[in-house]
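Student: next come a sequence and a model predicted from it.
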Amino acid sequence: MAIKSLKSNTSCGVGEVPAELLKSGTGKLYELLRQIFERCLNGDEIPNDWKVGHISAIYKKKEKRTNIKTTEELQY
């Protein structure tokens, strides 16, 4: 199951749900999530929080950091 392979101790997404909470869920939680995803795939409205992503620059050691925003928010 894909949920069990999520990395622990990582930052939460826009919905602020930690991976540890999802990983410790029961079959009932997984069934509810499956139903939500299935409804979105079948044409129901996708929640606005799922359309937002945060991108952060990752610098190499010698790369200059001037004139670059460190975080941007994208919406689709």
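Tutor: Here it is on my side, so go on. Residues are numbered from 1 along each chain as shown.

Student: next helix or strand past the longest helix seen in the chain?
Tutor: When the chain is parsed with DSSP state H, its longest helix is helix 27-41. Where DSSP states H and E defines the elements, the next helix or strand beyond helix 27-41 is strand 52-56.

Student: now that next one: average pLDDT?
Tutor: Mean pLDDT, strand 52-56: 74.

Student: ok, now how distant is the nearest residue to L29 once chain neighbours are set aside from L6?
Tutor: Closest residue in space to L29, ignoring its immediate chain neighbours: L22 at 7.7 Å, by CB to CB, 6 or more residues apart in numbering. The way it works is simple: take the backbone N, C-alpha and C, and place the C-beta from them, glycine included. Look at L22 and L6: by CB to CB, to the nearest Å, they are 6 Å apart.

Student: same check on L21?
Tutor: Counting by CB to CB - L21 and L6 are separated by 10 Å.

Student: could you measure the residue nearest the centre of the chain against N42, distance?
Tutor: Taking CA atoms, centre = their mean as the criterion, G13 is the residue nearest the geometric centre of the chain, at 4.2 Å. Separation of G13 from N42 (CB to CB): 23 Å.

Student: next: M1.
Tutor: Separation of M1 from N42 (CB to CB): 21 Å.

Student: residue ranges in this structure under the pLDDT threshold?
Tutor: The model of the chain has pLDDT under 70 over residues 14, 59-76.

Student: recalculate using a threshold of 90.
Tutor: Filtered on pLDDT under 90, the chain yields the residue ranges 1-27, 29, 33, 36-37, 40, 45-76.

Student: enumerate every residue touching K23.
Tutor: 3-4, 6, 8 (CB atoms under 8 Å, 6 or more residues apart in numbering).
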